[in-house]
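>>> need the 3D shape of this:
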Amino acid sequence: RSSLVLRLLAKCSAEQERGAKIKAASHSGESAMTVSQTQHLLRFPLFEPNKTGKHALFHQFRMSVEFLLQEGLLAFRSNNDLICSGMGLLVCRLFYLEPGNFALCSLLKGGLLSSLDDKQLVVCFSHFFCQIPLSGLRWGKARVGPKSSSSPSVIVLPDLPPEIQLYLSAAQKRAVSCAARYTYVMAKSIAEREDSSIVEELPWTRVIPVPEGLTSVGLGDLSFLCRDIVLSSGFAGLDGVGDSFTSVEDLSARARCGILIDKNSLPVFEVSNVPLNAYLLDLFQHGQLDAICRDNGIAPDVVFTNVENFGIILSALKSSLEFRRDTYCQLELDNPEQFKVLLQREKPYILECQNDKLIDRISRIRQRFRELLAQIRA
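Prediction:
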């Protein structure tokens, strides 16, 4: 996954910078151990099952790096070494929440979170983290609406604001474009290898979609449908769509033989088609654990665990924004020229980090869930 790639590159960058400043034996030993553990991970059979898997792994790693550069999570130093950006450090901190961590940083990059109030922030975070799908029966009851019952809960999580949905949709298109671009490079590389050939047989008839093969079974010349197709298989090319993909999963399903694409290789956040439980929003609004258990249908221990995890996420987000705010303020005082260069590259994100109102909103939400956690524990 891209979070793993980003963490490995951030670790290597930090070790290089620390090794250049400090030559202590303990630190050099720690660096050697980090490199050794990384090499052991990549040698594990799950990561390198065969020669073809090794070839695909290299391309997957390269595609993840290019995606991270495209999204501004990685940047180049003056000596062309890769360094993790401020947004990248937040992604690394919330690595276990992929793809929600990338969606969150994408909204920070777009400067959209500061325009949301407390309730909208909770709705947004509930879509990204600690999701619980709503059962069909409970969704059917919730569609009647809380006005017809004594329930104080909304039960069904509201949709994301339209501007956020549009921004996330644009981010998904960028990810698909990045995946298609570097899958094209992979396809060309595999086709040019002497020890590999791409078989373009149809899956059931074993007919090759060229004039000779199709005519032999009475299908005629359909090769024009597969013309100029590089990424899609010959069978998928018969639909006439060509190398046009709607998602990374679509690219993975339609890719031609010899190309291994993991649909989870790029952290694309897709809005769930299944209605989600609004237990976090309901708890934030009325704070009644009995109503959450009764109306939302969630056990108390699950509520406790998820509220605790949600509070940890909010604490990590708040501390990260405060740290970046202080760092940028100090950089502006110490090195104005470097700050101007950084501001041109990450202006919306820097402005979000320096927005005290946004940090205060996140702090209020975190404090509210801390109080709720103490109430549930009691």
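
>>> next up, the contacts around Lys119.
Applying Cβ atoms under 8 Å, 6 or more residues apart in numbering, we find Lys119 in contact with Leu281, Phe284, Gln285. All C-beta atoms are positioned from the backbone trio N, CA, C, and that covers glycine.

>>> so of these, which ones are in helices?
Judged by DSSP state H, the subset of these located in helices is Leu281, Phe284, Gln285.

>>> among those, which ones are buried?
Leu281, Phe284, Gln285 (16 or more other Cβ atoms under 10 Å).

>>> what helix or strand is the nearest residue to the first one once chain neighbours are set aside located in?
Here the nearest residue to Leu281 in space, its sequence neighbours aside, is Val122; by Cβ to Cβ, 6 or more residues apart in numbering that works out to 5.3 Å. Under the criterion of DSSP states H and E, Val122 resides in helix 118-128.

>>> which parts of that helix are buried?
So, applying 16+ other Cβ under 10 Å, buried residues of helix 118-128: Gln120, Leu121, Val122, Val123, Cys124, Phe125, Ser126, His127, Phe128.

>>> pLDDT on that helix, on average?
Per-residue pLDDT over helix 118-128 has a mean of 93.

>>> below-threshold pLDDT in the stretch 101-250 of the chain: ranges please.
Residue ranges of the stretch 101-250 of the chain with pLDDT under 70: 135-149, 186, 188-230, 234-242.

>>> mind listing the helices for it?
In the stretch 101-250 of the chain, the segments counted as helices under DSSP state H, counting those that start in this stretch are 118-128, 136-142, 162-192, 211-215, 234-237, 248-254.

>>> show me what the helix or strand encompassing Leu331 is packed against.
Using DSSP H and E, Leu331 falls within helix 300-334. Contact partners of helix 300-334 among helices and strands, from 3 or more Cβ pairs under 8 Å, 6 or more residues apart in numbering; DSSP states H and E: helix 86-93, helix 118-128, helix 279-286, helix 336-353, helix 356-377.

>>> output those helices in CSV; the columns should cover distance to Ile261.
Formatted as CSV, these follow (distance: least, Cβ to Cβ, whole Å):
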stretch, distance to Ile261
helix 86-93, 22
helix 118-128, 25
helix 279-286, 34
helix 336-353, 30
helix 356-377, 36
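
>>> so for Glu270, which of the ones you listed sits nearest?
helix 118-128 (10.6 Å; Cβ to Cβ).

>>> could you pull up the residues touching the closest residue to Asn296 other than its chain neighbours?
Spatial nearest neighbour of Asn296, excluding adjacent residues (Cβ to Cβ, 6+ apart): Tyr279 at 4.5 Å. Residues in contact with Tyr279 (Cβ under 8 Å, 6+ apart) are Ile132, Ser153, Ile292, Asn296, Ile298, Val303, Asn306.

>>> of the residues you listed - the most surrounded one?
Tallying neighbours with other Cβ atoms under 10 Å puts Ile292 at the head of the contacts of Tyr279, with 28 neighbours.

>>> tell me the pLDDT of that one.
90.

>>> just to check, it is in contact with Phe304?
No. Assessed by Cβ atoms under 8 Å, Ile292 is found out of contact with Phe304, at 10.7 Å.

>>> Gln288 versus the residue nearest to Pro161 when sequence neighbours are not counted, what's the distance?
Leaving aside its sequence neighbours, Pro161 sits nearest to Gln120 (Cβ to Cβ, 6+ apart; 6.3 Å). Separation of Gln120 from Gln288 (Cβ to Cβ, to the nearest Å) stands at 22 Å.
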